[in-house]
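J.: Model the structure of this input:
(chains A and B)
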Amino acid sequence: MSLSRAEVKDPSINGNPVKGRSPFQSLAYASPDGVIFGLAPRPVSCGLGLRIGAGEVLPEVDFTLTPMSITPQTWSEVQKQYQQMVKGVLARALHLKCGALGLEIEHLYELTMEPRWGAELTKQAKAIMEGAYQKHGLRTALRVTVADVRQEERPPKMRTGKGLQKMMEALQLCAASGADIFSVESTGGKELFDQAIVEGDVLAMVYSLGVLGCRDVRFLWRHITEIATRFGVLPGGDSACAFANTAMQLAQQKYIPKVLAALIRALSAVRTLCAFEEGALGPGKDCAYENPIIKIITGMPVAMEGKSAACAHSSPLGNISAAVCDLWANESVQNLRLLGGDAPEVCAEMLIYDCRLMNTSHHLGQSQLLRNLFVSSDRYQDPQALFLDPEVCFSLAQTIVAEADDYLRTLKVASYACQVIQQAVGSGRLHLSTGEVRWLGRIEEAVASLPDSPDGLWERLEQRWGHLVLPTEYGLG
Amino acid sequence: MDFQKLAQYVIEGDASSAEEWTRKALDSGVDPLEIMNRGLIPGMEVVGQKFSDGEYYLPEMLIAARAMKRCLKDLKPLIAGRKEVSRGRVVIGTVKGDVHDIGKNIVAMMLEGAGFEVYDLGLDVPPEKFVEAVERHQAHILGLSALITTSMPTMKTVIEALQAAGIRERVKVMVGGAPVTEEYAHQIRADGYAPDAGAATEKAKELLGLQTLATVPLA
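T.: Predicted coordinates:
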């Protein structure tokens, strides 16, 4: 396979039919029982013989540098570290007889701002992966996640600033250098969301996710899908990491109530789905914990992370997040030396064993049991975990596809999410503190007061928050 | 005057009632320092305790801090010249090359709630801007935030810039952010490290030797 990829004229992407832009108005599954790890109704092929969602769960290993600056002076050390990490991960995979896995290079800020740097690392990684494929038959694919560098100035210029140009240039150069999958953790609406979450302003959060976020994801993914199609790269998917995972971490530190973080997770699914309605084909990005809802709607495979991401952050979703994964990932691990080896290799081993367990359960006809154990162990430990329960995800997915408009979807999801939490509390299965119960009431009141139109909502918000947002950067008047 | 009522207004985040109480008290000749020390600060101490106990979250703290701030607006002109109406002046920002700021914003907010005067420089701040701000505001503390490993080395550059400007000894430097460690803080010769916003507030008090509710005297 050539590592210098020219533009391709085939309308499919590596044999994966290009979906194009169209809304999802039905589900890919008939019932929640069918949603399980390793199997997706619309599996994808990519990279060096990798098939994702076609019957086995594959590890996806993400790694990053030790604390250091990326400058022309340190560039040779940067390259050395990335090459070392790729080689180490592949060597560990071969040692453990793992026949297939994904690797991810998530761009640090500098790698997107200097697109040729990101491209060079892509080229070097793919050369090593190609060597392992030729010599050992090790099937791999490389996901490149560009950094969303558009929020450098505030209010950010999401469409007209230099940041968007850098991102598109980085994608093009990485595509030409051998990237197999594209992703991004986009940040449209974050300038409002960050203030809103600290102030507990539910209405502003709904606007930031359901209006600004959705509009920006659609805009961005039209561009990403166009580049991906041109070069034969899979447009993988987006993640509401900057919103829902920020909320998750704030809740972990008790800065915000968990019920609020849970609501934000549910709302994030509407936003993340927009990428798939603009041409993304999966596999969805690992840090998108809302991916189970995405998979139920699109049928496309998804990467997930859970306890495997403890190297990067804690979460209340350690087991349940594995329930429907097709790629099992580790978020990101620094290139540190541990007793068991370099951290990326160590993480690779843990992922490989987890995947072996899940795949063995399939072979032995016990996968449903294992899936249910993943779900049951976490489901009622935290309200956020409720929104990864396949049964709840199925109902949320139905709520989403019943509407075609992003804002109406967001409203309906917000209302339904509150009901889900109330039902779990009412049944005695989910226990909330007094503060959390008080906040659930406050959230319900706010959600009930949401107007039917995004313009109506902005009228209520503009005086307080208008200075944070440039509406024209979201295609708004 | 019933200072507990003022404290309660702060605890409930009732800015209007708190301000009205304060104005009535001033009109009655109550010492503004007494209003601050017996009403406002105890109210915020309770808020801080409720936060530690998990009863309050950030939004409630913010609302309470705003109520206190509204009262301080009336008190400050009457106290200035007698005593510094703050626990200390803090310049804070996310270092150059890093555009994450929510953690830093939370630290800034909690420091304000604890009675510090905070000057937030925002994100992606170059070293020279930190130096200029420390000088301009005569800051007691400089808070540096980084959320990505590649921007951490800039913290050292800022400290070196303070050294080069001859003002390193005049300011305490605190560092924080997800990848930052206490060990790293020692390595770059920062004065303090905090793993989260609550710890940052306590560390700030510790660095300035603030054991009690005392405010920092004018230099």
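J.: give me the low-pLDDT residue ranges for chain B?
T.: By pLDDT under 70, the low-scoring segments of chain B are B:80-85, B:211-219.
J.: ranges for the helices of it?
T.: B:3-12, B:15-27, B:32-35, B:41-52, B:58-79, B:102-113, B:127-137, B:153-164, B:182-187, B:197-207 (DSSP state H).
J.: Look up the closest residue to the residue of chain B found nearest chain A, ignoring the ones flanking it.
T.: Going by CB to the nearest CB, chain A is nearest to B:Pro59 of chain B, at 3.0 Å. The way it works is simple: take the backbone N, C-alpha and C, and place the C-beta from them, glycine included. Excluding the flanking residues, the one nearest B:Pro59 by CB to CB, 6 or more residues apart in numbering or on different chains is A:Gly200, at 3.0 Å.
J.: Can you get me a residue count around the one you found?
T.: 21 (other CB atoms under 10 Å in any protein chain shown).
J.: so what's it up against?
T.: Neighbouring residues of A:Gly200 by CB atoms under 8 Å, 6 or more residues apart in numbering or on different chains: A:Ile256, A:Leu260, A:Trp439, A:Arg442, B:Tyr57, B:Leu58, B:Pro59, B:Glu60.
J.: A:Asn16 too?
T.: With CB under 8 Å, 6+ apart, A:Asn16 has these contacts: A:Val44, A:Ser45, A:Cys46, A:Leu234, A:Leu281.
J.: what does A:Thr71 give?
T.: Residues in contact with A:Thr71, defined by CB under 8 Å, 6+ apart, are A:Glu110.
J.: neighbours of the closest residue to B:Glu34 other than its chain neighbours, just the number please.
T.: Spatial nearest neighbour of B:Glu34, chain neighbours left out: B:Phe3 (7.8 Å); criterion: CB to CB, 6+ apart. Here the number of neighbours of B:Phe3 (other CB under 10 Å) works out to 18.
J.: One more: B:Arg168?
T.: 18.
J.: So it is in contact with B:Ile159, correct?
T.: Yes. The pair B:Arg168 / B:Ile159 is scored as a contact, 7.0 Å apart, by CB atoms under 8 Å.
J.: on that earlier part again, drop anything exposed from the contacts of A:Gly200.
T.: Neighbour-count burial (16 or more other CB atoms under 10 Å in any protein chain shown) applied to these gives A:Ile256, A:Leu260, A:Trp439, A:Arg442, B:Tyr57, B:Leu58, B:Pro59, B:Glu60.
J.: Closest one of those residues to A:Met350?
T.: Set against A:Met350, the nearest of the buried ones among the contacts of A:Gly200 by CB to CB is A:Ile256 (30.0 Å).
J.: which ones are touching that closest one?
T.: Contacts of A:Ile256 (CB under 8 Å, 6+ apart): A:Ile197, A:Gly200, A:Ala247, A:Leu250, B:Tyr57, B:Leu58, B:Pro59.
J.: and the spatially closest residue to the fourth one that is not a sequence neighbour, which of the three is it?
T.: The spatially closest residue to A:Leu250, leaving aside those adjacent along the chain, is A:Ile256, at 4.6 Å (CB to CB, 6+ apart). For A:Ile256, the secondary-structure state derived from DSSP: H, G, I helix; E, B strand; the rest coil is coil.
J.: Check the one 3 residues further on too.
T.: Recorded secondary structure, A:Val259: helix (three-state DSSP).
J.: And it, how far from chain B?
T.: Here the criterion is CB to the nearest CB, to the nearest Å. By it, A:Val259 lies 11 Å from chain B.
J.: pLDDT value on that residue, please?
T.: Predicted confidence (pLDDT) for A:Val259: 98.
J.: cool, A:Ala417 as well?
T.: Here the pLDDT value assigned to A:Ala417 is 98.
J.: Surely it is in contact with A:Leu260?
T.: No. Contact between A:Ala417 and A:Leu260 fails when scored by CB under 8 Å: they sit 10.6 Å apart.
J.: Contact residues of chain A facing chain B?
T.: Proximity of chain A to chain B is confined to A:64-70, A:108-110, A:149, A:151-152, A:154, A:194, A:197-200, A:246, A:250, A:253-257, A:313, A:334, A:433-435, A:439 under the rule CB under 8 Å from any CB of the partner chain.
J.: Could you turn the buried ones of those residues into a PyMOL selection?
T.: In PyMOL syntax, the buried subset of the residues of chain A next to chain B is picked out as below (16+ other CB under 10 Å):
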select buried, chain A and resi 64+65+67+69+70+108+109+110+149+151+152+154+194+197+198+199+200+246+250+253+254+255+256+257+334+435+439
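J.: Filter the residues of chain A next to chain B down to just the ones in strands.
T.: A:Thr64, A:Gln334 (DSSP state E).
J.: pLDDT score for the residue in the stretch 151-300 of chain A positioned nearest to chain B?
T.: Residue nearest to chain B within the stretch 151-300 of chain A: A:Gly200 (3.0 Å; CB to the nearest CB). Per-residue confidence (pLDDT) for A:Gly200: 95.
J.: From A:Leu450, how far off is it?
T.: Noted for A:Gly200: a distance of 15 Å to A:Leu450, by CB to CB, to the nearest Å.
J.: for B:Ala194, same thing?
T.: Going from B:Ala194 to A:Leu450 by CB to CB gives 38 Å.
J.: do A:His363 as well
T.: Separation of A:His363 from A:Leu450 (CB to CB): 48 Å.
J.: These two: who's more crowded?
T.: It is A:Leu450, of A:His363 and A:Leu450, that has more neighbours when counted by other CB under 10 Å, with 21 against 10.
J.: wait, what's in contact with the more buried one?
T.: Taking CB under 8 Å, 6+ apart, one finds A:Leu203, A:Val206, A:Leu411, A:Ala414, A:Leu457 in contact with A:Leu450.
J.: what's the helix or strand encompassing A:Cys347 packed up against?
T.: Assigned by DSSP states H and E, A:Cys347 falls within helix A:343-363. If you count contacts as 3 or more CB pairs under 8 Å, 6 or more residues apart in numbering or on different chains; DSSP states H and E, helix A:343-363 packs onto strand A:58-64, helix A:75-95, strand A:100-106, strand A:327-329, strand A:333-334, helix A:367-378.
J.: need the ones you listed in a markdown table with mean pLDDT, can you?
T.: Shown next, in a markdown table, are these (pLDDT from 0 to 100):
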| stretch | mean pLDDT |
| --- | --- |
| strand A:58-64 | 97 |
| helix A:75-95 | 98 |
| strand A:100-106 | 98 |
| strand A:327-329 | 98 |
| strand A:333-334 | 94 |
| helix A:367-378 | 98 |
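J.: Can you check which of the ones you listed gets nearest to B:Arg23?
T.: Nearest to B:Arg23 among these is helix A:367-378 (52.5 Å), distances taken as CB to CB.
J.: ok, and for that closest one, which residues are buried?
T.: A:Ser367, A:Leu370, A:Arg371, A:Leu373, A:Phe374, A:Val375, A:Asp378.
J.: Also compute the angle for it relative to helix A:343-363, please.
T.: On the basis of axes from the mean of the first three to the mean of the last three CA atoms, to 10 degrees, helix A:367-378 is oriented at 130 degrees to helix A:343-363.
J.: which intervals of the stretch 1-150 of chain A have sub-threshold pLDDT?
T.: Confidence mapping of the stretch 1-150 of chain A against pLDDT under 70 gives the ranges A:1-12, A:14, A:19-20.
J.: what's the closest of the contacts of A:Asn16 to A:Thr145?
T.: A:Leu234 (12.6 Å).
J.: List the contacts of that closest one.
T.: A:Leu234 neighbours (CB under 8 Å, 6+ apart): A:Ile13, A:Asn14, A:Asn16, A:Val44, A:Cys46, A:Asp180, A:Ile181, A:Phe182, A:Ala228, A:Leu281, A:Gly282, A:Pro283.
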